[in-house]
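Engineer: here is a sequence with its predicted model. Questions after.
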Amino acid sequence: MPILLYHYVRTNPKPWDRAGFRLSVTPTAFAAQVALLRAGGAHTVSLSQLLRALEGQESLPPHPVILTFDDGYKDFATTAAPLLASQGMTATDFVVGDFLGSPGYMSAAQVRQVRALGMTIGAHTMDHVDLTRMPPALARAQIEGSRRVLQDVTGAAIDDFAYPFGRHNPAVDRMAADAGFRDAVTTAGGELQYLSERFDLRRTSVTGGDTLASFAAKVRLPLPSRRVFGPAGAGDPVAPPAGGPGLVGIPPRRR
């Protein structure tokens, strides 16, 4: 079960910013990726559906994939969510509680709008901090506070959690479970998901360095004719900044 990890859906505003390039999938590339998923017969599902399937309570549709976005950027509301909804697809956005309404981030109203489009909201702490480097009381407040704030904004249960920077340990996992979360995602690569590791779900990063071919490989779909995607080059990333190639997916963790 591939769980894809996105950040921005935008054209990187600073071509010299390598981190910005890596974290930014252009709207054109994202539209091509969505078209490929649709053409290949993929079905987007939620983390809750994955957990129910692992528990034997639900059957998943053919070729399931989970789309996730980290940090709650505004372009999720303005670009990604409307496109996904128009194609009958869904995604989860992990929102940082104290970033709501800050420049470049979704407002509370936009969070409610994307939920109305069928998207899921998850929590990503209050301030995007490394939970493994904080005193336990502060880490617990970051986890519990983010769930409480987002439940107040949405009026619904917030069940999914993402560790900032992907960093966690058994103590942090227990804090997330004790706060009422059902699952948590990391940034460790890989497609194998286990019910016994519901607080250690793996994700595959989609970056500005991905071509449509590399994206197709990540979701295990063939690359169809260009006619599906429009003019030649659609979905290809802009060239990375000088100094080396863009980052590609994180290799799967060995078990």
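Structural biologist: That came in fine, so what should we check first?
Engineer: give me the element the residue nearest to the spatial centre of the chain is part of.
Structural biologist: Among the residues of the chain, the one closest to the centroid is residue 68, at 2.0 Å (C-alpha atoms, centre = their mean). Using DSSP states H and E, residue 68 sits within strand 64-71.
Engineer: now the helix or strand following that strand: mean pLDDT?
Structural biologist: Using DSSP H and E, the helix or strand that follows strand 64-71 towards the C-terminus is helix 74-75. Average pLDDT, helix 74-75: 98.
Engineer: what's in contact with helix 74-75?
Structural biologist: 8-10, 104-107, 110 (C-beta atoms under 8 Å, 6 or more residues apart in numbering). C-beta coordinates here come from the backbone N, C-alpha and C atoms, glycine included.
Engineer: buried subset of those as a ChimeraX selection?
Structural biologist: Buried members of the contacts of helix 74-75, identified by 16 or more other C-beta atoms under 10 Å, are gathered into one ChimeraX selection as follows:
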select :8,9,10,105,106,110
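Engineer: now, the contacts of helix 74-75 that are in helices?
Structural biologist: residue 110 (DSSP state H).
Engineer: please render the contacts of helix 74-75 as a markdown table that adds pLDDT and distance to residue 40 to the earlier fields.
Structural biologist: A markdown table is the format used below for those (pLDDT from 0 to 100; distance: C-beta to C-beta, whole Å):
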| residue | pLDDT | distance to residue 40 |
| --- | --- | --- |
| 8 | 98 | 24 |
| 9 | 98 | 20 |
| 10 | 97 | 25 |
| 104 | 97 | 32 |
| 105 | 98 | 32 |
| 106 | 98 | 29 |
| 107 | 98 | 34 |
| 110 | 98 | 30 |
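Engineer: and of the contacts of helix 74-75, the nearest to residue 147?
Structural biologist: Residue 147 lies nearest to residue 106 out of the contacts of helix 74-75, by C-beta to C-beta, at 16.9 Å.
Engineer: surely residue 58 touches residue 49?
Structural biologist: Yes. Using C-beta atoms under 8 Å, residue 58 makes contact with residue 49 at a distance of 6.1 Å.
Engineer: can you map out the strands along the stretch 151-255 of the chain?
Structural biologist: Here the stretch 151-255 of the chain has its strands, by DSSP state E, counting those that start in this stretch, at 160-162, 183-185, 204-205.
Engineer: off-centre distance for the shortest one?
Structural biologist: Translated: strand 204-205. 9 Å (C-alpha atoms, centre = their mean, to the nearest Å).
Engineer: average pLDDT for that strand?
Structural biologist: 97.
Engineer: shift numbering so it begins at 270
Structural biologist: Sounds good: first residue 270 from here, last item strand 473-474.
Engineer: other SSEs contacting it?
Structural biologist: strand 272-275 (3 or more C-beta pairs under 8 Å, 6 or more residues apart in numbering; DSSP states H and E).
Engineer: may I ask which helix or strand of the chain has the lowest mean pLDDT?
Structural biologist: None of the helices or strands of the chain scores lower by mean pLDDT, DSSP states H and E than helix 287-292, at a mean of 94.
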